[in-house]
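Student: when you get a sec, could you give me coordinates for this:
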Amino acid sequence: MKAKNDITEDMKNTDMLYWGGTMNSIKAQAEEIVYNEIIYN
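Tutor: This is a model prediction of the structure:
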């Protein structure tokens, strides 16, 4: 998901707010996938 959104480690140093927001979004998407595939099935 990080590669799909063009997120790099250098963004942590240059644009921390964008990096943090995008990483939080990726984490939420991953959790939703896990919930749907493991818990609800």
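Student: per-residue pLDDT of the spatially most central residue of the chain, please?
Tutor: Nearest to the mean C-alpha position of the chain, by Cα atoms, centre = their mean, lies Ile26 at 1.8 Å. What the model reports as pLDDT for Ile26 is 93.
Student: cool, and Met16?
Tutor: For Met16, pLDDT reads 92.
Student: quick one: low-confidence parts of the chain?
Tutor: Filtered on pLDDT under 70, the chain yields the residue ranges 41.
Student: still on that earlier bit, quick check: which element contains the residue nearest to the centre of the chain?
Tutor: helix 16-34 (DSSP states H and E).
Student: helix, strand, or coil at the closest residue to Trp19 other than its chain neighbours?
Tutor: Distances taken as Cβ to Cβ, 6 or more residues apart in numbering place Met11 nearest to Trp19, at 4.2 Å, with adjacent residues excluded. Where you see a C-beta, it was placed from the backbone N, CA and C, and this is true even at glycine. The local conformation at Met11, judged by DSSP: H, G, I helix; E, B strand; the rest coil, is helix.
Student: how near is Met11 to Gly21?
Tutor: 11 Å (Cβ to Cβ, to the nearest Å).
Student: these two: which has the busier surroundings?
Tutor: Met11 (16 against 11; other Cβ atoms under 10 Å).
Student: shouldn't the more buried one be in contact with Gly20?
Tutor: No: in terms of Cβ atoms under 8 Å, Met11 does not count as a neighbour of Gly20; the distance is 9.4 Å.
Student: what is the neighbour count of Leu23?
Tutor: Let me fix one detail, which is that residue 23 is Met and not Leu. Neighbourhood size, Met23 [other Cβ under 10 Å]: 16.
Student: same check on Lys4?
Tutor: 7.
Student: helix, strand or coil for it?
Tutor: Under three-state DSSP, Lys4 comes out as coil.
Student: phi, psi of it?
Tutor: phi -60, psi -30 (degrees, to the nearest 10).
Student: contacts only, for it.
Tutor: For Lys4, no residue meets the contact criterion (Cβ atoms under 8 Å, 6 or more residues apart in numbering).
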